[in-house]
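J.: Kindly generate the corresponding structure for this input.
(2 chains)
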Protein chains: 2
Amino acid sequence: MSHTRHLAAFLASLKYSDLPNEVLSRSEDLFLDWLGSALASQGSHPIPLFERYAARMGPADGPSTLLVNGLRSSPYFAALVNGASSHLVEQDDLHNSSVLHPATVVFPAVLAAAQDLGKSGSQLLLATVAGYEAGIRIGEFLGRSHYRTFHTTATVGTLAAAVSVGKLMDFDEEAFINLLGSAGTQAAGLWEFLRDAADSKQLHTAKAAADGLLAAYLTADGLTGARNILEGDQGMAAGMSSDARPACLSDRLGSRWALLETSFKFHASCRHTHPAADALLALMRDEGLRHDDIASVVTRVHQGAIDVLGRVEVPQSVHQAKFSMGTVLGLIAVHGKAGLTEFQQHALSDPRVAAFRDKVSMQLDDQVDAAYPQRWLGRVEVLGNDGRRYQGAIDSPKGDPDNSLSRRELEDKFRRLVAFSGALDGNSVEALIERAWGLRSSTELKDLLVFTAIDHAR
Amino acid sequence: MSHTRHLAAFLASLKYSDLPNEVLSRSEDLFLDWLGSALASQGSHPIPLFERYAARMGPADGPSTLLVNGLRSSPYFAALVNGASSHLVEQDDLHNSSVLHPATVVFPAVLAAAQDLGKSGSQLLLATVAGYEAGIRIGEFLGRSHYRTFHTTATVGTLAAAVSVGKLMDFDEEAFINLLGSAGTQAAGLWEFLRDAADSKQLHTAKAAADGLLAAYLTADGLTGARNILEGDQGMAAGMSSDARPACLSDRLGSRWALLETSFKFHASCRHTHPAADALLALMRDEGLRHDDIASVVTRVHQGAIDVLGRVEVPQSVHQAKFSMGTVLGLIAVHGKAGLTEFQQHALSDPRVAAFRDKVSMQLDDQVDAAYPQRWLGRVEVLGNDGRRYQGAIDSPKGDPDNSLSRRELEDKFRRLVAFSGALDGNSVEALIERAWGLRSSTELKDLLVFTAIDHAR
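T.: So this is what the prediction gives:
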């Protein structure tokens, strides 16, 4: 039995009663965290472009909610707009070893389809878990060579989104095989846009969620797909990876819950900056250093950080600043944190941040690189203005599974995210938190967000 | 100036008055040929799936026509359904050296957008030429290594469709740069499905047309894209090719009209079978051979033919039969032609065709391979039952630019295509032919196909 078939069989047989309480509970955490990320983007470029596109190309009404404006459309356009929205502020979750952001592709698809198909909260959670378990393993399968050129959340995200909707539709093994084929052959997304601070990241997550959903609806209606899109001679690994490991696809299915391995984002920047940011923060606190005590910072990083962050020297936009190691460390050093508000107010305009940015460099570190992507180690070497040298190190950035956020911290993060855009009033925020914590017992999802619609319909 | 920028500048500056009459006239030929291919698929799996998907996800009405059912929708869904439709019967055009089928991705996008934007026939033709010129050069740029794993009509098709809609919207150079970025980062489509006779080919052309159109509408509204998606270090060539030739992108822009190099399909099979089919047909005619005079046929082919056709041994579906060299030559040998009707009636069920199929093999030929993809040489070695050996050779398969179809032959082909599905009655067929020949003077396109809607609305 191929690894792909093994995976499909697992997805088909997975039942709600198989899910440990910890997995259900984390899924609700991830749902709230995702909602916050989507709502935080309200009004920020390029999200209104996707809203207008949906209005122009889609129906005027439908079963599925567009989070940022509370309007409803068909599930395709809800997945598209919510997929664009939830990755913009760079506050959504990340799975380390697959380098996949699962929430921003899985939830837009699965929520849109659940609203369309009249599914319950528990069905949504089961489908979410299926999407995470499949997506993470496919990301690990495609490996680091894939991530060098391809944006895994875009490519693999298409399959993760598709699987979640397929599970919602109760696909059998055969349907999952076809679904993977039709989703995998749509998988796209290149890192080239980073160089120019272009808007493609939102296009990628929008399309991954929407294309995955499209694959599921067409598969349910009888569209067939390649039976071996992952491992085949002209499939994804053949075309888009040079270090694929098929065994990853069926790694401990049913006993390892990869969803539990995802990290919540604490800083509002690219996750590749977090280990160094936490290491610097701890070092400055421990040593009582101020930003102007510091002459230089060398961050010792894995190759992936250099590939993704290396090209941003002087950021031209707030979004690009989130991919600038120097800017992130500058915000940490000068303002003590690198949240959405700090990025908005200080990342481009504070001369102290810019001065600190120019003191920061990245160096490949063999030990850090070898640990990656299982562990994201933070190592910084700081030279003081007085000539003293310091070493900072953390082994688990804040938000990692073994240094996770509590529900209280997640609620605080949610409130800050929504306050950033002003998408909801305070009462709605609290009600939504309550609903997320009761997600598994929701009998239907159509009105889960109905007050959202009332509050910020424009 | 990069080759990409050179291409974008050309696309922005191209004017209707720049187009030689021969180019305009061939564009009209291609339009009619495309319409026939789309209409021929009416009612054939999986086209109704795409129609139902459009009905479920899209608006109930709109400016743009779905050819197979005469309904109207938003341009996105018209591009999607017409993109799926026009490649199904394998009768649409092909550009040899890029191995791109331009019509099935360019026309669905450009017609849907032209109907939406109230453009004229001459504007449609100019936009069509832009899509062809860009798409063909990008296909040549990505080269044979790309085509080994990726379905160029899907990947490059996304950019060709995008460019055609961008030209319709009168994009300047800067907008074309952004458009290429947003289209290129969506480019997807793997050959893996061929092994299983899966439905992905229709998904590929549907998505290429629709995604290209999506890129254009979002770009017009301000979405930015990677500025060097083709040539950049993390762009298409970096991720999806190992023999890219950047100079192809700007090859003789404005003096070479690549659109004129496309071939019309004469046989209803994969174009890789045509050279051998024509060589066998000519040989059998010249030597007076019948199918049961022949003991074996060795077709001497280029590597691309082996890559695409090599995996089909005993076809399981009519569509797969179009990728079976043995079946195609069996139809030629037994029935004298390999048109849609022959495929439908005899490809799977005629024991003489099956018997002939088993006599056919493919062998890589260095001379044929070296000429490809500029020339598609046909070479067959036939062994008679009487022990005699024959050599058949043709240098230009029927339909190639130097062995093209006349307007009379195109009209006949169109009538046969529409008759195959029964999509239109005879009067509508003749009226549509007349309108295609007058396309450049049509002032608007909304009602170009209106009788289509009346005739076969279901």
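J.: ok, for the one residue sitting closest to the centre of chain A, nearest residue in space, not its chain neighbours?
T.: In chain A, the centroid-proximal residue (C-alpha atoms, centre = their mean) is residue A:101; its distance is 2.7 Å. Nearest residue to residue A:101, sequence neighbours excluded (C-beta to C-beta, 6 or more residues apart in numbering or on different chains): residue A:153, at 4.4 Å. Bear in mind the C-beta positions are built from the backbone N, C-alpha and C, glycine included.
J.: Then residue A:331?
T.: With C-beta to C-beta, 6+ apart, the residue lying closest to residue A:331 is residue A:338, at 4.1 Å.
J.: so what's the one you found up against?
T.: A:267, A:268, A:269, A:273, A:277, A:328, A:331, A:332 (C-beta atoms under 8 Å, 6 or more residues apart in numbering or on different chains).
J.: make it 10 Å
T.: Residues near residue A:338 by C-beta atoms under 10 Å, 6 or more residues apart in numbering or on different chains: A:266-269, A:273-274, A:277, A:281, A:321-322, A:327-332, A:346-347, A:353.
J.: Point out the ones among these that are inside helices.
T.: A:274, A:277, A:281, A:321, A:327, A:328, A:329, A:330, A:331, A:332, A:346, A:353 (DSSP state H).
J.: for these, which one is nearest residue A:406?
T.: residue A:274 (18.1 Å; C-beta to C-beta).
J.: Could you check how far that closest one is from residue A:379?
T.: Distance, residue A:274 to residue A:379, by C-beta to C-beta, to the nearest Å: 13 Å.
J.: The two: who's more crowded?
T.: residue A:274 (24 against 20; other C-beta atoms under 10 Å in any protein chain shown).
J.: can you pull the contacts of that one?
T.: So residue A:274 contacts A:94, A:263, A:265-267, A:328, A:338, A:376, A:378, A:394, A:397-400 (C-beta under 10 Å, 6+ apart).
J.: Quick check on those: which are buried?
T.: Among the contacts of residue A:274, the ones that count as buried by 16 or more other C-beta atoms under 10 Å in any protein chain shown are A:94, A:263, A:265-267, A:328, A:338, A:376, A:378, A:394, A:397-400.
J.: So for the residues you listed, which is the shakiest by pLDDT?
T.: Of all the buried ones among the contacts of residue A:274, residue A:266 has the smallest pLDDT value, namely 87.
J.: In a helix, the residue nearest to residue A:331, correct?
T.: No - membership of residue A:338 in a helix is not supported by DSSP: H, G, I helix; E, B strand; the rest coil, which gives coil.
J.: Show me where the stretch 101-250 of chain A has its helices.
T.: Using DSSP state H, counting those that start in this stretch, the helices of the stretch 101-250 of chain A run over residues A:103-117, A:121-149, A:152-168, A:173-184, A:200-220, A:236-240.
J.: With the stretch 301-450 of chain A instead?
T.: Under DSSP H, counting those that start in this stretch, the stretch 301-450 of chain A gives helices at A:303-309, A:318-321, A:325-335, A:340-346, A:351-357, A:366-371, A:407-421, A:426-437, A:450-456.
J.: just how off-centre is the shortest one within its chain?
T.: Distance, stretch centre to chain centre, for helix A:318-321: 17 Å (C-alpha atoms, centre = their mean, to the nearest Å).
J.: now the fifth one
T.: In terms of C-alpha atoms, centre = their mean, the gap separating the centre of helix A:351-357 from the centre of its chain is 28 Å.
J.: One more: stretch A:436-445?
T.: 22 Å.
J.: avg pLDDT for it?
T.: 92.
J.: Would you mind writing the CA trace of it as CSV?
T.: Coordinates of each C-alpha in stretch A:436-445 appear next as CSV, following Å, rounded to 0.1, in the frame of the first residue of the first chain:
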residue,chain,number,x,y,z
ALA,A,436,-15.2,29.5,20.1
TRP,A,437,-14.8,27.8,23.5
GLY,A,438,-18.1,26.1,22.9
LEU,A,439,-17.4,25.2,19.3
ARG,A,440,-17.6,21.5,19.7
SER,A,441,-21.2,21.7,21.0
SER,A,442,-22.5,24.1,18.4
THR,A,443,-25.2,22.4,16.4
GLU,A,444,-24.9,24.7,13.5
LEU,A,445,-22.5,27.3,12.2
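J.: Could I get the buried residue list for that stretch?
T.: A:436, A:437, A:439, A:440, A:442, A:445.
J.: Reformat those as TSV; add distance to residue A:19.
T.: Converted to TSV, the buried residues of stretch A:436-445 look like this (distance: C-beta to C-beta, whole Å):
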residue	distance to residue A:19
A:436	17
A:437	17
A:439	13
A:440	9
A:442	16
A:445	18
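J.: Could you save the residues you listed as a markdown table and add columns showing distance to chain B?
T.: Formatted as a markdown table, the buried residues of stretch A:436-445 follow (distance: C-beta to the nearest C-beta, whole Å):
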| residue | distance to chain B |
| --- | --- |
| A:436 | 27 |
| A:437 | 32 |
| A:439 | 26 |
| A:440 | 28 |
| A:442 | 24 |
| A:445 | 19 |
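J.: And the furthest pair within those?
T.: Distance extremes for these: the farthest pair is A:437 and A:445 at 14.9 Å, using C-beta to C-beta.
J.: In chain A, where is pLDDT below threshold?
T.: For chain A, residues meeting the criterion pLDDT under 70 lie at A:450-458.
J.: Please parse it into its domains.
T.: Per automatic domain parsing, the structural domains of chain A span A:3-263, A:271-398.
J.: who wins for proximity to residue B:173 among these?
T.: For residue B:173, the closest of the domains of chain A is domain A:3-263, at 15.3 Å, according to C-beta to C-beta.
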